[in-house]
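[1] Turn this into a model:
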Amino acid sequence: MPVPEKVLARLAGLGWKGKNTNLIHPEIGSFFFITVILTDLPIYTIQVQIKDRCGTCTACIDACPTGALKPYQIDAGKCISHHTLEDGSEEIPDTYGWLVGCDICQDVCPWNRVKAFKKGIRTGLEEFKVRSYLKENPESILTLNEQEFEKTFSDSAISRMNFKMYQRNVNKLKTKSKNCNICFGNKLLFSFEL
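    Below you'll find the model as predicted:
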């Protein structure tokens, strides 16, 4: 049974639901992971919900290249991240140069730009760092064989995408795009012309 992590985190006072549907924390924005612990132990809780602070801002909605966002709603059928990482269909809509994921709605969010980026929040976890050979030759990501793909991404969120989906995404880029954008761990790491 799926666990509604964002709803639970919001109810626990960890942030508010942004217009991009992500949970936004007032100090670090939306670039963080939510974890849930299921237990039958008694836990003392305080319900302190954080009020919505998006106000009149529509930066995320305006920046979404596919129109997947409406205030506080996302149409997964239009979302680039959904298509590149979750959608197992043989054919997917235009990904606007994205091979894996898309965080445009988070990148333009003032709560991320002002809070997280200025504070220099970075991960120290190896799982979220760029693989060293991709730093040296980012274009090599377009030519991985199945073994290389598994070795490179088996311990990352990209593993949600299987090799067949990876090949589909690469072919989509090569036939529809002039450039390739690669997003890992909520950050645009590489962008190069094809």
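[2] quick one: contacts for residue 149?
    163, 166 (C-beta atoms under 8 Å, 6 or more residues apart in numbering). Heads up, the C-betas are built off the backbone N, CA and C, glycines and all.
[3] Span of stretch 54-69 from start to end?
    Distance across stretch 54-69, first residue to last, is 14 Å (C-alpha to C-alpha, to the nearest Å).
[4] ditto for stretch 59-72
    13 Å.
[5] Please compute how far it lies from its chain's middle.
    The chain centre lies 14 Å from the centre of stretch 59-72; the measure is C-alpha atoms, centre = their mean, to the nearest Å.
[6] For it, buried residues please.
    Buried residues in stretch 59-72, counted by 16 or more other C-beta atoms under 10 Å: 59-61, 64, 66, 68-69.
[7] For these, name the two members farthest from one another.
    The two members of the buried residues of stretch 59-72 with the most space between them (C-beta to C-beta) are 59 and 66, at 15.7 Å.
[8] can you map out the helices along this protein?
    5-11, 59-63, 80-85, 104-107, 110-111, 117-119, 132-136, 146-153, 163-176 (DSSP state H).
[9] What about residue 154, how many residues nearby?
    Neighbour count for residue 154, taken as other C-beta atoms under 10 Å: 9.
[10] Repeat that for the one 4 residues further on.
    The local packing count at residue 158 equals 21, with neighbours defined by other C-beta under 10 Å.
[11] Find the residue closest to it in space, skipping its chain neighbours.
    Distances taken as C-beta to C-beta, 6 or more residues apart in numbering put residue 100 closest to residue 158, at 5.6 Å, once the chain neighbours are dropped.
[12] how much space between that neighbour and residue 82?
    Distance of residue 100 to residue 82, given as C-beta to C-beta, to the nearest Å: 12 Å.
[13] swap in residue 54?
    Distance of residue 54 to residue 82, given as C-beta to C-beta: 22 Å.
[14] cool, and residue 50?
    Per C-beta to C-beta, residue 50 is found 27 Å from residue 82.
[15] ditto for residue 69
    Using C-beta to C-beta, residue 69 is found at 12 Å from residue 82.
[16] How about residue 163?
    19 Å.
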